[in-house]
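Peer 1: Need a 3D model of the sequence below.
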Amino acid sequence: MSSMVTDITVPGRPEVQEVSGGIYAYVQPDGTWWINNTGFLVGPQGVISIDTCSTQRRTQAYRDAIAAVTGAPVRTVINTHHHGDHTFGNCLFPGASIIGHELARAEAIAFGPPRELPFWDGPDWGDLQLDPPFVTFTDEIAVHAGDLRAQVRHVGTAAHTTNDSIVWIPERSVLFCGDLVFNGGTPFLLMGSVAGAVQVLEEVVAPLAARTIVPGHGPVFSGTGPLAAVGDDEDAG
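Peer 2: Now for the predicted structure:
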């Protein structure tokens, strides 16, 4: 049995997991500041990436991981929200259409490019430029990897941020939920709403009953996992 104590100063090696045919999670342990999960769908017209990474080095490693699976180009990048660990690497996919909620674009522009920040020990960003979503939607948009349809939905209220979206693949019961769920931690909510985050978990995420969930941080899980406690406080009242 592995130890439950993790040296968070030395993150683990990223891992590609095929969670369903042609659908991959890219998991970066240990999932702390600036170390996120991404994923990608492989279709006949190319690759759809769900989020990017925080630094040039991490995003290049992610690009290399995709290339090890398929020689197809990344044609589309979907940003689940505006935070830099999910968007700063957008500029390293120059041939891709970058899709996000309208507020994700606005918030990414307002936050600005990667740089030294007052409250975090920033990593070595590398050579990155601000590259916000330039294909935007308000409620929902669909993307297709061949016959596989993925629904990109804004969750409808402030939660982790003002602009969270999920990527739901109903045919495979696979959900990429961005930072609405951390497996092994609690999402940062200062840019969103605690009440809204609970509401979204109860009314948007849990009802999908996804068989496989790729969280924004932490291991991929099947079944309820960290969602098992959703609604417990309300039921106990």
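
Peer 1: contacts and neighbour counts: CA atoms only from here.
Peer 2: OK.

Peer 1: For the residue sitting nearest the centre point of the chain, give me its contacts.
Peer 2: By CA atoms, centre = their mean, the chain has its centre lying nearest to Gly178, at 3.5 Å. Counting by CA atoms under 8 Å, 6 or more residues apart in numbering, Gly178 touches Thr80, His81, Asp164, Ser165, Ile166, Val214, Pro215, Gly216, His217.

Peer 1: Ile23 now?
Peer 2: Gly39, Phe40, Leu41, Val42.

Peer 1: Please dump these into TSV; it should also carry distance to Ala61 for every row.
Peer 2: Below are the contacts of Ile23 laid out as TSV (distance: CA to CA, whole Å):
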residue	distance to Ala61
Gly39	13
Phe40	14
Leu41	17
Val42	18
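
Peer 1: So which of these are in strands?
Peer 2: Gly39, Phe40, Leu41, Val42 (DSSP state E).

Peer 1: could you pull out the helices for the chain?
Peer 2: Ranges of helices in the chain, per DSSP state H, are 56-69, 84-87, 102-111, 194-200, 232-236.

Peer 1: if you compare those, which one is most tucked away?
Peer 2: Highest mean neighbour count among these (mean count of other CA atoms under 10 Å): helix 84-87, with a mean of 26.

Peer 1: Restricting to C-alpha, output it in CSV.
Peer 2: Once non-C-alpha atoms are left out, helix 84-87 reads as follows in CSV (Å, rounded to 0.1, in the frame of the first residue of the first chain):
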residue,chain,number,x,y,z
GLY,A,84,-4.3,30.4,-15.8
ASP,A,85,-3.5,26.7,-15.0
HIS,A,86,-6.2,25.8,-17.6
THR,A,87,-5.6,28.6,-20.1
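
Peer 1: Give the other helices and strands that that helix contacts.
Peer 2: Using 3 or more CA pairs under 8 Å, 6 or more residues apart in numbering; DSSP states H and E as the contact test, no helix or strand touches helix 84-87.

Peer 1: How about residues contacting that helix?
Peer 2: Helix 84-87 is contacted by residues 33-36, 38, 51-55, 79-81, 108, 114, 131-132 when judged by CA under 8 Å, 6+ apart.

Peer 1: Return the members of those classed as buried.
Peer 2: Among those, those buried by neighbour count (16 or more other CA atoms under 10 Å) are 34-36, 38, 51-55, 79-81, 108, 114, 131-132.
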